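**Q** Sharing a sequence plus its predicted fold:
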Amino acid sequence: MTDQTRPTCLAVFGGSGVYEMPGLTIEEEREVETPWGSPSAPVTIGELNGVRVLFLSRHGKGHTVPPSGLNARANIAAAKMLGATDVLSLSACGSFKEELAPGHFVAADQFVDRTKGRPSSFFEEGCVAHVSMAHPVCSRLSEEAAKAAEAAGTKVHRGGTYLAMEGPQFSTLAESELYRAWGMDIIGMTAMPEAKLAREAELPYAILGMVTDYDCWHEDHGAVDVASVLAILAKNRVHAQKTVDEITKLIGPERTPCPDGIETCLDYAIVTPKEARDPEVVKKLKAVAGRVL
Ligand SMILES: CSC[C@H]1O[C@H](OP(=O)(O)O)[C@H](O)[C@@H]1O
Ligand SMILES: Nc1ncnc2[nH]cnc12
């Protein structure tokens, strides 16, 4: 059995409002230490419909970790180290389009990264790699997530660009209008560098943006505030949780390799020749890129 034909092990990163995953038969809550530190919370390891699921509350159980303080490297590394085959992100987001209404989900397939200074690579001086981010989302997982959300009774939009802002403040009106003029679809504060790191760890990644608001551009809606985001999420949390239930039914435990080749994307990405690599850096990297080191 090659690494890519292992049974499914779906890592779910629950964002704002999604702090637990009811229905999961819990095996254990694992404290994980990675070469990049600890993830946001202990990882809940369990099973749902015969599928192994790893659940991580992205901001911690009590929502104590802000977007800029997220240790995305530790979160992704923890998933990889625990054997994840895929990562599904459930993320609250603002909308830049009338038709992407609060309560709808967007299976985003592109990102624009406007975050600043977040550690965004596992690779560093001593071992340099460049992976492609042209198609940052796993097409298969994204479609499965979209179908699962529909089965859970949610209106889903397939495709769309997620603008990742630094935060934690919401956008100014000028920024909101600029992003709209750029053709962005949704906005949030967490998908970057998470998606980049998932790619470097050869983990197929997909995201369901759970629309909570129209940011601040919409004349008929007030500017976004946390209370309204959380109120919408309280209504939609059940849809998010049901979506995870449905996706495990859809994908099942048997898994074929990712059709986009994400699990082998490091084959030609590392530019530093073996003899020039820093052994200490390589030691850390084994946690996420052991296949090629
Ligand atoms: C509580 S509103 C802003 C907050 O919500 C989103 O988090 P997540 O993506 O983890 O659901 C957004 O990105 C901000 O971090
Ligand atoms: N309008 C918004 N901007 C950034 N992050 C968000 N999360 C939810 N709504 C958001």
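**A** It's in. Numbering: from 1, shown residues only. Ligands and ions are numbered 1, 2, ... in the order given.
**Q** Pull up the per-residue confidence for H221.
**A** pLDDT for H221: 92.
**Q** Grab the most central residue of the chain for me.
**A** Residue closest to the average C-alpha location in the chain (Cα atoms, centre = their mean): S89, at 3.5 Å.
**Q** end-to-end on stretch 265-273?
**A** Stretch 265-273 has an end-to-end distance of 17 Å (Cα to Cα, to the nearest Å).
**Q** avg pLDDT for it?
**A** Rounded mean pLDDT across stretch 265-273 is 97.
**Q** which residues pair with L10 across the strands?
**A** Listed beta-bridge partners, L10: V53, D86 (assigned using DSSP bridges).
**Q** Can you tell me the number of residues neighbouring it?
**A** Residues lying near L10 (other Cβ atoms under 10 Å) number 24. C-beta here means a position set from N, CA and C on the backbone, and glycine is covered the same way.
**Q** Check P273 too.
**A** 7.
**Q** Same question for N71.
**A** 18.
**Q** got a list of what it touches?
**A** N71 sits next to W36, G37, S38, P39, S40, V65 when contact means Cβ atoms under 8 Å, 6 or more residues apart in numbering.
**Q** my guess is the fifth one meets H63, correct?
**A** No. Judged on Cβ atoms under 8 Å, S40 makes no contact with H63 at a distance of 9.7 Å.
**Q** what's the closest non-adjacent residue to I247?
**A** A148 (3.7 Å; Cβ to Cβ, 6 or more residues apart in numbering).
**Q** Pull the number of nearby residues for the nearest residue to P193 once chain neighbours are set aside.
**A** Computed as Cβ to Cβ, 6+ apart, the closest residue to P193 that is not its neighbour in sequence is S120, at 3.4 Å. Neighbourhood size, S120 [other Cβ under 10 Å]: 15.
**Q** Surely S120 and A191 touch.
**A** No. Judged on Cβ under 8 Å, S120 makes no contact with A191 at a distance of 11.8 Å.
**Q** Now secondary structure and distance to G23 too, for the contacts of N71, in CSV please.
**A** Conversion of the contacts of N71 to CSV gives the following (DSSP: H, G, I helix; E, B strand; the rest coil; distance: Cβ to Cβ, whole Å):
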residue, secondary structure, distance to G23
W36, coil, 31
G37, strand, 30
S38, coil, 26
P39, coil, 22
S40, coil, 21
V65, coil, 25
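**Q** of those residues, buried ones?
**A** W36, P39, S40, V65 (16 or more other Cβ atoms under 10 Å).
**Q** Please tell me how far the second one sits from I207.
**A** Put plainly, it is P39. 18 Å (Cβ to Cβ, to the nearest Å).
**Q** ok, now V128?
**A** Applying Cβ to Cβ to V128 and I207 gives a distance of 27 Å.
**Q** neighbour count winner among these two?
**A** Remark: of V128 and I207, I207 carries more neighbours, 33 against 15, as counted by other Cβ under 10 Å.
**Q** For the more buried one, which three-state class applies?
**A** strand (DSSP: H, G, I helix; E, B strand; the rest coil).
**Q** Mind telling me what element the closest residue to it other than its chain neighbours is part of?
**A** Excluding the flanking residues, the one nearest I207 by Cβ to Cβ, 6+ apart is S89, at 4.3 Å. Per DSSP states H and E: S89 is located in strand 86-95.
**Q** helices or strands up against that strand?
**A** With contacts defined as 3 or more Cβ pairs under 8 Å, 6 or more residues apart in numbering; DSSP states H and E, the packing partners of strand 86-95 are strand 9-14, helix 139-151, strand 186-188, helix 191-200, strand 205-213, helix 226-251.
**Q** any chance of these in CSV, plus mean pLDDT and distance to G159?
**A** Formatted as CSV, these follow (pLDDT from 0 to 100; distance: least, Cβ to Cβ, whole Å):
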stretch, mean pLDDT, distance to G159
strand 9-14, 98, 20
helix 139-151, 98, 9
strand 186-188, 98, 11
helix 191-200, 98, 15
strand 205-213, 97, 11
helix 226-251, 93, 17
